[in-house]
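>>> Mind folding the following:
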Amino acid sequence: MAKNFESEATQFLKKYKAEHPNTEARQREGRSRLWDKHIDPELQDGFRASKVPLNPYVYQTN
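Got it, this is the predicted structure:
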């Protein structure tokens, strides 16, 4: 491939970001809302302690 080649997807994204300059800020905001959460270690320990082991085949009766 030529060094100056840009795919149609790359061209589209560059054009979109130029037309919508707040896109990256909105992406960061969405990520922080869904993924960047504070996790309480004590609560997590409680979840792990209350976990019930499952049989390898959940429909097996023995």
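
>>> so where do the helices sit in the chain?
Ranges of helices in the chain, per DSSP state H, are 8-19, 23-34, 41-49.

>>> Now do the second one and helix 8-19, the angle between them.
Spelled out, that is helix 23-34. 90 degrees (axes from the mean of the first three to the mean of the last three Cα atoms, to 10 degrees).

>>> Point out the other helices and strands that helix 23-34 packs with.
Here helix 23-34 touches helix 8-19, going by 3 or more Cβ pairs under 8 Å, 6 or more residues apart in numbering; DSSP states H and E. Where C-beta positions appear, they are placed from N, C-alpha and C, glycine not excepted.

>>> any idea how far the residue nearest to the spatial centre of the chain is from residue 45?
Centre of the chain computed as the mean C-alpha position; nearest residue by Cα atoms, centre = their mean is residue 35, 6.4 Å away. Per Cβ to Cβ, to the nearest Å, residue 35 is found 21 Å from residue 45.

>>> quick revisit: for the helices of the chain, give me JSON lines that also has distance to residue 58.
Listed next are these as JSON lines, based on distance: least, Cβ to Cβ, whole Å:
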{"stretch": "helix 8-19", "distance to residue 58": "42"}
{"stretch": "helix 23-34", "distance to residue 58": "29"}
{"stretch": "helix 41-49", "distance to residue 58": "20"}
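
>>> can you put these in JSON lines and add distance to residue 55 and mean neighbour count?
Formatted as JSON lines, the helices of the chain follow (distance: least, Cβ to Cβ, whole Å; neighbours: other Cβ atoms under 10 Å):
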{"stretch": "helix 8-19", "distance to residue 55": "46", "mean neighbour count": "10"}
{"stretch": "helix 23-34", "distance to residue 55": "33", "mean neighbour count": "10"}
{"stretch": "helix 41-49", "distance to residue 55": "19", "mean neighbour count": "9"}
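
>>> right, and the ones you listed - which one's nearest residue 56?
helix 41-49 (20.1 Å; Cβ to Cβ).

>>> For the closest one, the averaged confidence score.
When pLDDT is averaged over helix 41-49, the result is 92.

>>> other SSEs contacting it?
Judged by 3+ Cβ pairs under 8 Å, 6+ apart, helix 41-49 is in contact with no other helix or strand.

>>> Pull the residues that contact that helix.
Counting contacts by Cβ atoms under 8 Å, 6 or more residues apart in numbering, no residue outside helix 41-49 touches it.
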